[in-house]
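Q: The sequence isn't on hand, but the structure is:
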């Protein structure tokens, strides 16, 4: 499986990808999922893939040499939109070549990609490319894309990432998002590839491969876990009270929408005790989030 996240910010771009491709009982394998297409001073682009590994590798190889009908390549596309179109055409080319053969063996044509970068004076752009070769672009309303096992790492991104987020904070947030995924899904694993691109650089600016020995990532994982637990323990526990005086402020057990759906007892079966009145959740003072 895979987890990759790409972010488009005012300050630049952030890409993070894991490298696990198989997490079987007796076989764990890895493969790099982030590739860089760079002509320093003229363009810098990054591609991350998720899905069938053989398809992903075929698409990546095809992208590097693909020539469209008008002669455009990934290296000569005048804009990032045109470069994304080249990637989409490469996906369709691989589909045309391999999809029917794979289907004959019961293998779906399964791939998704995040592609972004900067060409010349154009602003940084980020795209999500589907198996059909079509794509959508990131805008201020959706400053990041995820592919692969996305659900575990999404909540922290939704709470933190905006177009104004700094590159360092975005990189930190991406790593926290990845840590949440690593904690919950064994199919995602180290090492990680982290690329941070500063707007206007037109060259690879910051890149690191993170393994089990990376001290910063280990500190981040420990600190995030400890802080989450501290915040959780600082929130007041619910207080249950069905007192009539507070029923105008909380869901009350006497209103229809606060009653459970009860399955009737079978005929001839009598309850051993009278049903106790339901309690409602009492109004709480302001939550204490300091610990």
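A: Noted; the coordinates are in hand. Keep in mind that what you see is a predicted model, and the values were worked out from it rather than measured. Numbering: from 1, shown residues only.

Q: how long is stretch 152-171 from one end to the other?
A: With CA to CA, to the nearest Å as the measure, the ends of stretch 152-171 fall 17 Å from one another.

Q: Tell me the gap between that stretch and the middle of its chain.
A: Here stretch 152-171 is found 11 Å from its chain centre; the criterion is CA atoms, centre = their mean, to the nearest Å.

Q: ok, and for it, which residues are buried?
A: By 16 or more other CB atoms under 10 Å, the buried positions in stretch 152-171 come out as 152, 153, 156, 157, 160, 161, 165, 167, 169, 170, 171. From N, CA and C alone the C-beta is placed, and that goes for glycine too.

Q: For those residues, work out which two are farthest apart.
A: Using CB to CB, the two most remote members of the buried residues of stretch 152-171 are 152 and 167, lying 23.2 Å apart.

Q: mind putting the buried residues of stretch 152-171 in a markdown table, distance to residue 9 included?
A: Output for those, formatted as a markdown table (distance: CB to CB, whole Å):
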| residue | distance to residue 9 |
| --- | --- |
| 152 | 22 |
| 153 | 17 |
| 156 | 16 |
| 157 | 12 |
| 160 | 12 |
| 161 | 8 |
| 165 | 6 |
| 167 | 7 |
| 169 | 9 |
| 170 | 6 |
| 171 | 10 |
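
Q: Could you pull up the residues touching residue 15?
A: Counting by CB atoms under 8 Å, 6 or more residues apart in numbering, residue 15 touches 4-7, 34, 46, 48, 114, 116, 193-195, 197.

Q: likewise residue 271?
A: Here residue 271 is in contact with residue 265 (CB under 8 Å, 6+ apart).

Q: quick check, nearest of the buried residues of stretch 152-171 to residue 214?
A: Nearest to residue 214 among the buried residues of stretch 152-171, with distances taken as CB to CB, is residue 171, at 12.9 Å.

Q: Remind me which helix or strand the closest one belongs to.
A: helix 167-184 (DSSP states H and E).

Q: How about the next helix or strand after that helix, which residues are buried there?
A: For helix 167-184, the following helix or strand on the C-terminal side (DSSP H and E) is strand 192-198. Residues of strand 192-198 classed as buried: 192, 193, 194, 195, 196, 197, 198 (neighbour count, 16+ other CB under 10 Å).

Q: repeat for stretch 180-189
A: 180, 181, 182, 185, 187, 188, 189.

Q: Same check on stretch 1-20?
A: Here stretch 1-20 shows 1-9, 11-20 as buried, counting by 16+ other CB under 10 Å.

Q: what do you get for stretch 142-152?
A: 143, 144, 145, 146, 147, 148, 149, 150, 152.

Q: try stretch 58-73
A: 58, 59, 60, 62, 63, 66, 72.
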